[in-house]
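> return atomic coordinates for the entry below.
(one chain, ligands or ions: 1)
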Amino acid sequence: MPSTFNILIIGALFCVVMLLVLISLLRSGTPGIREWAVANGLGFVALLLYAFGKELSAPVAYEVANGIYAAASAAILAGFRRFFSRKLHMRILAAAVVAMVAAIAVFHYLIDSFALRTVSVALFQGAICLGIGMTIMRSRQAWRSRYPYFFTAGMAGLIMAGHAMRAILYLSRQGELTSLLQPSPWNLFFLSAGTFVLPVLTIGAVMMVHDTMLAKAEHAANRDFLTGAWSRRALFELAERELSLTRRTSRSMALLLLDIDNFKAINDTWGHATGDQVLIDAVLRAETAIRGVDYFSRVGGEEFAVLLPETSRSAAVMVAERIRITMEGSAHAIHIEGQPETPAYTVSIGLAMLRDTDSFQELMRRADAALYAAKASGRNRVACD
Ligand SMILES: Nc1nc2c(ncn2[C@@H]2O[C@H](COP(=O)(O)OP(=O)(O)OP(=O)(O)O)[C@@H](O)[C@H]2O)c(=O)[nH]1
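Next up is the predicted model:
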C-alpha cells in the first residue's frame, strides 16, 4: 500500500513536470499559460507542505498549505478565463481563497473537525471546477476541435463529483477520519485522485494550447495573410479533391479567374496601403456573392480564383456577373482615414468549365485565356472560354 507521503511527493513532482511543459509553451504567447504555470508552481509547494505536515507547525500545515493550494486552483481557473478572453474577477477569486483559509482556521482552532475542513475545501474546489467547466462550455465559439475541450470540461466535472463524494463520505464518518495523512483506504483513494487534479487540468490546458497552435499553423499555411482568402497552395489542394469528387459524381464544375482592373494605377494614385485595402474589400465583397461550398482564393498580387463545385455554365455566368457587379458597386465605398476621396475599382473575369480530360492546371490555363479576352475587350466584364 503506498503511503500518503509518497502519493503527495509524486503529485508534487508531477506539478514540476507540468510546469516545465508550460514553460516550453510560453513563447507561443497563448494567454493563460502564465497562470497555469503559477498554479503548478504553487501546487508543488502546497503538496510538499501537505507531505511534510507532521514536521511543520500547525498553522503552516493547515492554513498555509490549504491557502497555497487554493491559490493554485484559483490560478488554474484564471488561466482558463484568460485563454478564452473571458472577464477575470480577481477580487472574487482572492476573496474566495481568503474565505476558504478562514474556514480552515475556524474548523481547526475553534471547532477542530477534519470533516468540516474537508467540506470547506470540497466547496471551494468544487466551485473552481464548476467555473472551469462553465468557462470551457460557454466558449464553444472558440473551440477549433472538440476533444481537448470535452476532455478538460469532463475532468473538471469528475473532480467536482469527487469532491462532493468526499465531503458526503467524510461528514457521514465524522470521528473515524482525523487527518489528511491518515493511511485509511478512502483517504488514500481521495488523496491519490486529488494530487493529480492540477496535472490533469494542466494536461487539458496543454491540449487546448496545442489545438490553438495547430489552428494558427493551418491558417497561416492555407490562408492569404493580407485578405484571409484561401492561399494559392490551399486552392490547388482543394481543387484536386473537388476534381476527383466532380468526376466520380459526373457533376459540372466551374472556375473563375478575377483580376482587378488597372490596379497599378490605384497603387500609383492612392498608395500601396490603399491598394491593400482594395484587395481586402474585393475579398469581402466577393464572399457575399458566393456560396459556402465555393472557394475564393488569392492566386497572385491582384488576381483571384473562385472554384465553383457542382455548378453549371449558366449558374457560373450568373455568379461571375454578381461578383463583377458587387465590385463595380464598390465605387468610393472604401474610406481611408485622412483621405477626402476614395478609389473605385472594377474587375475582369475569365470563366472556364471543367472538361472530362482537364487537369486543374489546364482548367486554370483556359480561365486565364478567358480573363485575357475580358481585359482585351475593355475590362469590367466576364468572358467565357
Ligand atoms: N497594394 C498592393 N499591390 C500589389 C500587391 N500585389 C501586387 N500588387 C501590385 O499590383 C499591380 C499589378 O499591376 P499590373 O499587373 O500592371 O496590372 P493592372 O494595373 O491591374 O492592369 P490590368 O490587369 O491590365 O488591368 C502591380 O503594381 C503590383 O505591384 C499587394 O499585395 N498589395
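> per-residue confidence for R173?
In the predicted model, R173 carries a pLDDT score of 71.
> if you could redo that for D358, that was the one I meant.
With respect to pLDDT, D358 has a value of 89.
> how far away is it from the ligand?
Between D358 and the ligand the computed distance is 25 Å (C-beta to the nearest ligand atom, to the nearest Å). Bear in mind the C-beta positions are built from the backbone N, C-alpha and C, glycine included.
> please apply the same query to A105.
Computed with C-beta to the nearest ligand atom, the distance linking A105 and the ligand is 65 Å.
> for the one residue in the stretch 51-200 of the chain that gets nearest to the ligand, which non-adjacent residue is spatially closest?
Residue nearest to the ligand within the stretch 51-200 of the chain: R144 (27.7 Å; C-beta to the nearest ligand atom). By the measure of C-beta to C-beta, 6 or more residues apart in numbering, the closest residue to R144 outside its immediate chain neighbours is A215, 4.1 Å from it.
> surely Y149 touches W143?
Yes. At 5.0 Å, Y149 and W143 qualify as touching, with contact defined as C-beta atoms under 8 Å.
> list the contacts for Y295?
When contacts are counted by C-beta atoms under 8 Å, 6 or more residues apart in numbering, Y295 touches 230, 235, 238-239, 242, 305-307.
> neighbour-wise, which of those leads?
The residue in these with the most neighbours, by other C-beta atoms under 10 Å, is V306 (28 neighbours).
> which one's more surrounded, Y149 and W143?
Applying other C-beta under 10 Å to Y149 and W143 shows that Y149 carries more neighbours, namely 21 against 17.
> give me the phi and psi for that one.
Main-chain dihedrals, Y149, degrees, to the nearest 10: phi -80, psi -40.
> could you do D356 as well?
Main-chain torsions, D356, degrees, to the nearest 10: phi -50, psi -40.
> okay, now it: neighbour count?
D356: 6 neighbours (other C-beta under 10 Å).
> ok, now how distant is it from R241?
18 Å (C-beta to C-beta, to the nearest Å).
> same check on R166?
In this structure, R166 and R241 are 52 Å apart, going by C-beta to C-beta.
> give me the more crowded residue out of the two.
The residue with more neighbours, out of R166 and R241, is R166; 24 against 10, by other C-beta under 10 Å.
> what about this protein, any weak spots by pLDDT?
For the chain, the stretches flagged by pLDDT under 70 are 1, 174-183, 330-342.
> nearest residue to S348 other than its sequence neighbours?
The spatially closest residue to S348, leaving aside those adjacent along the chain, is A374, at 4.0 Å (C-beta to C-beta, 6+ apart).
> how far away is that neighbour from F360?
Applying C-beta to C-beta, one obtains 21 Å for the distance of A374 from F360.
> looking at the two, which one has more neighbours?
With neighbours defined as other C-beta under 10 Å, A374 and F360 compare such that A374 has more, 25 against 19.
> that one against T346, yeah?
No. Checked against C-beta under 8 Å, the pair A374 and T346 is beyond contact range at 10.8 Å.
> joint contacts of those two?
With C-beta under 8 Å, 6+ apart applied, the contact sets of A374 and T346 do not overlap.
> and for N222, the neighbour number?
By other C-beta under 10 Å, 15 other residues sit near N222.
> and if you look at G228?
Neighbour count for G228, taken as other C-beta under 10 Å: 14.
> pretty sure P2 sits in a helix.
No. P2 is assigned coil when assessed by DSSP: H, G, I helix; E, B strand; the rest coil, not a helix.
> please name the nearest non-neighbouring residue to it.
Nearest non-adjacent residue to P2 (C-beta to C-beta, 6+ apart): L188, at 6.9 Å.
> can I get the helix or strand that contains that neighbour as CSV, trimmed to CA atoms?
Under the assignment given by DSSP states H and E, the secondary-structure element containing L188 is helix 185-195. The C-alpha trace of helix 185-195 is given here as CSV (Å, rounded to 0.1, in the frame of the first residue of the first chain):
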residue,chain,number,x,y,z
PRO,A,185,-8.3,3.3,2.1
TRP,A,186,-10.7,6.1,1.5
ASN,A,187,-8.1,8.7,2.4
LEU,A,188,-5.6,7.1,0.1
PHE,A,189,-8.1,6.9,-2.7
PHE,A,190,-9.1,10.6,-2.5
LEU,A,191,-5.5,11.7,-1.9
SER,A,192,-4.3,9.8,-5.0
ALA,A,193,-7.1,11.3,-7.1
GLY,A,194,-6.7,14.7,-5.6
THR,A,195,-2.9,15.1,-6.0
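> list the helices and strands the helix or strand following that helix packs on?
Beyond helix 185-195 on the C-terminal side, the first helix or strand identified by DSSP H and E is helix 197-222. With contacts defined as 3 or more C-beta pairs under 8 Å, 6 or more residues apart in numbering; DSSP states H and E, the secondary structure elements packing on helix 197-222 are helix 4-25, helix 33-51, helix 65-83, helix 147-172, helix 232-249.
> JSON lines for those helices, including distance to the ligand?
Formatted as JSON lines, these follow (distance: least, C-beta to the nearest ligand atom, whole Å):
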{"stretch": "helix 4-25", "distance to the ligand": "33"}
{"stretch": "helix 33-51", "distance to the ligand": "34"}
{"stretch": "helix 65-83", "distance to the ligand": "33"}
{"stretch": "helix 147-172", "distance to the ligand": "36"}
{"stretch": "helix 232-249", "distance to the ligand": "13"}
